[in-house]
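> One predicted model, sequence on top.
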Amino acid sequence: MKQVEILVIGGGPAGLCASLAASSLGAKVLMCERDDVPGGQLVKQTHKFFGSEKQYAGDRGYQIGQMLVEKVAADPNIEVWTDTTVLGYYEDGVVTCEHEGAHVKIKPQRTVIATGAAEKFLSFPGNDLPGIYGAGAVQTLMNVSGVKPAERVLMVGAGNIGLIVSYQLKQAGVDTVAVIEALPRIGGYLVHASKIQRAGIPVRTGYTILEAYGNGKVEGAKIAKIDEKWQPIPGTEEDIKCDTICLAVGLSPLTELCWQAGCQVEFIKELSGHVPITDDFLETTVPGVYVAGDVSGIEEASSAMVEGRLAGLSAAASLGYGKDVAAEQQKAAMAELDELRAGPMGERIRMGLEKVAAKGGAK
Amino acid sequence: MRIEEHPVLDFERGEKITFTYNGQEIEAYPNETIVAALHAAGIRQLGESPELHRPRGLFCAIGNCSSCFMTVDGEPNMRVCVIKCKQGMVVESQKGKGVIRV
């Protein structure tokens, strides 16, 4: 059995920053990553990040990912296991994983769960046809593999992912015929929306997809306008010819390990699903188990990185590391999170976190 | 089709290799996933659902959803969205749930 001080599960933006922060206070870290390289979904983000300089605003997502991965690789306190899927969290605090094809047990003193999220699906007839992808899948195909994923795309969802991926499709030479959004307004940042509208891609709010059709693959979709009760309005149906339908309808936190560890998990819709209840230091209701990033509620990568830092600091501090500096650094991370969640775009998250606090979390 | 020109990214692909898909030769690069090489060759149907035999394609591309199961070198239920291409590998559409090799 492998003994470690701090186990970080997941090598995305939250896990990378958790590992670096814990190590900076002197703790020894093992970071497990399912993929053959760490970086998580940063690897396919070709757009420039917002936020402040502290969250690397102005840099492109994949560049931030590369920089963090290099820092982690050069850090003697951090051991990285790639091709490693964490499978279970047991009552006695033993974590099991599949590591390079073998079943391995780990006994960590502290654990940071940074498993991220999965794309949500949408139910409509024909939704299982080849050619219906999560928007993130299309990003992976074109931005990681350099493969043109489609010719004509219908994008479902006008949140940031739907808007950004439509723009990236254009950069890859793919037409997006329309972005449809069931809500009466665009969910993502207006700067992304205006960019794609300037590129000639219509964003149609108040529309839903009724069905996808095609013989063995997507050949088109039926869409319709919806009323205030989300019911299709008869007579507004339209036929859209496309070979691909991208679903950008949100993400769900990947909380399986939190459930297994016995953490209190609650459904909080503002945070996009079931999330573990945490205190201000991102410790769950199971002592020694921390969370960071999308697993504790869907937000942007900038927040995931700061949450990772906070969870890493907290885990290391609880082991007695960084006695003189940890409290101040934790406070600074909390202030950065407040800053990222300020303003109208952060309202939903703030509401969600208030619910987390009300469920017995925040100290 | 592969993207040759991109305003932000350069794709360094390395040396070309080949593998077979249902007996057909497919061109690939060692750092790309099986699903990427199949998409580049215009192949988007990867298998079929085990009971109703409906066509199945890629959905998540990051090893989460299990929509892309295929048989690779005789091993069934492989997530071809996260498995990298190797020279000479044998990739097949899977019928049913597959038989686990002992």
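Structure's in. What do you need?
> can you give me phi and psi for the nearest residue to residue A:115 once chain neighbours are set aside?
Nearest non-adjacent residue to residue A:115, counting by C-beta to C-beta, 6 or more residues apart in numbering or on different chains: residue A:254, 4.3 Å away. To be clear about C-beta, it is placed using only N, CA and C from the backbone, and glycine gets the same treatment. Main-chain dihedrals, residue A:254, degrees, to the nearest 10: phi -90, psi 90.
> Give the burial count for residue A:254, as a bare number.
Neighbour count for residue A:254, taken as other C-beta atoms under 10 Å in any protein chain shown: 19.
> Of all the residues in the stretch 201-350 of chain A, which one is nearest chain B?
Distance from chain B to each residue of the stretch 201-350 of chain A (C-beta to the nearest C-beta) is smallest for residue A:216, at 4.9 Å.
> residues contacting that residue?
Residue A:216 makes contact with A:129-130, B:45, B:55, according to C-beta atoms under 8 Å, 6 or more residues apart in numbering or on different chains.
> Check the residue of chain B found nearest chain A and give its pLDDT.
Closest residue of chain B to chain A, C-beta to the nearest C-beta: residue B:57 (2.7 Å). At residue B:57, the pLDDT value in this model is 96.
> sorry, back to before: ok, so what distance separates the residue of the stretch 201-350 of chain A closest to chain B from residue B:56?
According to C-beta to C-beta, to the nearest Å, residue A:216 stands 10 Å off from residue B:56.
> From residue A:282, how far off is residue A:307?
Going from residue A:307 to residue A:282 by C-beta to C-beta gives 6 Å.
> Find residues that contact each of those two.
With C-beta under 8 Å, 6+ apart, residue A:307 and residue A:282 have common neighbours A:292, A:296.
> Please enumerate the shared neighbours of residue A:216 and residue B:56.
What both residue A:216 and residue B:56 touch, as defined by C-beta under 8 Å, 6+ apart, is the set A:130, B:45.
> Just the buried residues of stretch A:290-302, please?
Within stretch A:290-302, the residues scored as buried using 16 or more other C-beta atoms under 10 Å in any protein chain shown are A:290-302.
> and the residue of chain B closest to chain A, how many neighbours?
Neighbour count for residue B:57, taken as other C-beta under 10 Å: 24.
> Could you do residue A:201 as well?
Count around residue A:201 with other C-beta under 10 Å applied: 21.
> So the residue nearest to it when sequence neighbours are not counted, which state does it fall into?
Closest residue to residue A:201 apart from its sequence neighbours, by C-beta to C-beta, 6+ apart: residue A:176 at 4.9 Å. Judged by DSSP: H, G, I helix; E, B strand; the rest coil, the three-state class of residue A:176 is strand.
> hmm, back to that, from what I see, the residue nearest to residue A:115 and residue A:116 are in contact.
Yes. Between residue A:254 and residue A:116 a contact is recorded at 5.7 Å, counting by C-beta atoms under 8 Å.
> what's the biggest strand by length in chain A packed up against?
With residue count as the measure and DSSP state E as the assignment, chain A has strand A:102-113 as its longest strand. If you count contacts as 3 or more C-beta pairs under 8 Å, 6 or more residues apart in numbering or on different chains; DSSP states H and E, strand A:102-113 packs onto strand A:2-9, helix A:13-24, strand A:95-99, helix A:256-261, strand A:289-291, helix A:301-318.
> Now do it against helix A:301-318, angle only.
Here the directions of strand A:102-113 and helix A:301-318 differ by 100 degrees (axes from the mean of the first three to the mean of the last three C-alpha atoms, to 10 degrees).
> Return the distance of strand A:102-113 from the chain's centre.
A distance of 22 Å separates the centroid of the chain from that of strand A:102-113, by C-alpha atoms, centre = their mean, to the nearest Å.
> Would you mind listing the outside residues contacting the helix or strand that that strand is followed by?
Counting by DSSP states H and E, the next helix or strand C-terminal to strand A:102-113 is strand A:117-119. Applying C-beta under 8 Å, 6+ apart, the external contacts of strand A:117-119 come out as A:134-137, A:247, A:249-254, A:272, A:294-295, A:298, B:59-60, B:64-65.
> can you tell me if the helix or strand following strand A:117-119 touches chain B.
Reading on from strand A:117-119 to the C-terminus, the next helix or strand found by DSSP H and E is strand A:132-134. Yes. Counting by C-beta under 8 Å from any C-beta of the partner chain, chain B is contacted by strand A:132-134 at A:132-134.
> Going by neighbour count, which residues in strand A:132-134 are buried?
Neighbour counts over strand A:132-134 (16+ other C-beta under 10 Å) mark A:132-134 as buried.
> Residue A:37: which of those is nearest?
residue A:134 (20.1 Å; C-beta to C-beta).
> In contact with the closest one, which residues are there?
For residue A:134, the contact set (C-beta under 8 Å, 6+ apart) comprises A:119, A:246-248, B:59-61, B:65.
> Selecting buried members of those in ChimeraX, what would you type?
Selection of buried members from the contacts of residue A:134 for ChimeraX, criterion 16+ other C-beta under 10 Å:
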select /A:119,246,247,248 /B:59,60,61,65
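> would you turn the contacts of residue A:134 into CSV with distance to residue B:51 and secondary structure?
Shown next, in CSV, are the contacts of residue A:134 (distance: C-beta to C-beta, whole Å; DSSP: H, G, I helix; E, B strand; the rest coil):
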residue, distance to residue B:51, secondary structure
A:119, 24, strand
A:246, 27, strand
A:247, 23, strand
A:248, 29, coil
B:59, 18, coil
B:60, 21, coil
B:61, 24, coil
B:65, 18, coil
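> Give the intersection of the neighbour lists for residue A:254 and residue A:116.
By C-beta under 8 Å, 6+ apart, residue A:254 and residue A:116 have these common neighbours: A:294-295.
> what ranges do the helices span in chain A?
Secondary structure of chain A, counting by DSSP state H: helices at A:13-24, A:61-73, A:135-139, A:160-171, A:190-198, A:256-261, A:301-318, A:326-340, A:347-358.
> Single out the most deeply packed of the ones you listed.
When those are scored by mean count of other C-beta atoms under 10 Å in any protein chain shown, the highest mean neighbour count falls to helix A:13-24 (a mean of 30).
> what separates it from the chain centre, distance-wise?
Relative to the mean C-alpha coordinate of its chain, helix A:13-24 is positioned 16 Å out (C-alpha atoms, centre = their mean).
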